[in-house]
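Participant: Sequence first, predicted model second:
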Amino acid sequence: MHGFNEQIRLYCILLLIVVTILFLAGKFPMGEPRLNSFTVPSMAILMILLLDSLNEVVKLRKVSMALSVILYVGVIGNIYTTFFSSISGPEYCKKLNIYRATEKAISEAQSKHLPIYITPDIAYPYDKTLNLPYNTTVPGDWVLKTFPAFDVTINTPVINIKTISEITNPCSPITTTGKEIMTGNGLVYNVYKL
């Protein structure tokens, strides 16, 4: 069993080193949350192995117990503070405003049978995140079509645009059969007459 623990320890340490090197070299096309998902299991295994080895030494059993209590308190505190900060911060407020404005805009557009031209800003806070493997940002039409208020049976056309200025530009190639369209960026929606 001792040799098996050494193999697991070596694997975890090597994995952490490789992930860190790839991340620092910019070869990991992902942000901090995904980096954590790769490294947290290895760190947890290493922590368990450390506590086990401390527990084997009689003089260090109290240290092992104290460290275990500190870790559990830290994890419990992290769970509650993460939850609290996710519903109390400015990011949550903006996401909620986007949700409410988009729900109202979808209802209006579908009742008037208007096509919706949407920017990637609706994907906040992921509007700047690369949508790999396409090497573009998340398209706004994807987000809008998966919105709970969007009724797919109505067949409302949803067109992705980069900015609202594309609509107001007279050279803009807008393809629609109606006389009005709805445009939006997640927070602000307007109906334009063509």
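Facilitator: In hand now; what should we look at?
Participant: What about N36, how many residues nearby?
Facilitator: 12 (other Cβ atoms under 10 Å). The C-beta positions use only the backbone N, C-alpha and C, and glycine is treated the same way.
Participant: If I look at it, what pLDDT would I see?
Facilitator: According to the per-residue confidence, N36 scores 70 in pLDDT.
Participant: Next up, the contacts around it.
Facilitator: Taking Cβ atoms under 8 Å, 6 or more residues apart in numbering as the contact definition, N36 lies against nothing.
Participant: For C93, give its distance to Y99.
Facilitator: C93 sits 11 Å away from Y99, taking Cβ to Cβ, to the nearest Å as the criterion.
Participant: The two: who's more crowded?
Facilitator: Each of C93 and Y99 has its neighbours counted (other Cβ under 10 Å); Y99 has more, 15 against 11.
Participant: Now A105: closest residue in space that isn't a chain neighbour?
Facilitator: Y189 (3.8 Å; Cβ to Cβ, 6 or more residues apart in numbering).
Participant: what's the one you found sitting at in phi/psi?
Facilitator: Here is the backbone geometry of Y189 (degrees, to the nearest 10): phi -130, psi 140.
Participant: same for the helix or strand harbouring F84, what does it pack against?
Facilitator: Assigned by DSSP states H and E, F84 falls within helix 61-88. The helices and strands touching helix 61-88, judged by 3 or more Cβ pairs under 8 Å, 6 or more residues apart in numbering; DSSP states H and E, are helix 32-56.
Participant: could you give the angle of the helix it packs on to helix 61-88?
Facilitator: Counting by axes from the mean of the first three to the mean of the last three Cα atoms, to 10 degrees, helix 32-56 points 160 degrees away from the direction of helix 61-88.
Participant: got the buried residues for stretch 154-163?
Facilitator: If you call a residue buried by 16 or more other Cβ atoms under 10 Å, then stretch 154-163 has these buried ones: 156-161.
Participant: residues contacting the residue nearest in space to the middle of the chain?
Facilitator: Against the mean C-alpha coordinate of the chain, by Cα atoms, centre = their mean, the closest residue is Y126 at 6.0 Å. Contacts here follow Cβ under 8 Å, 6+ apart; on that basis Y126 touches V138.
Participant: Having no further points to raise, I will conclude here.
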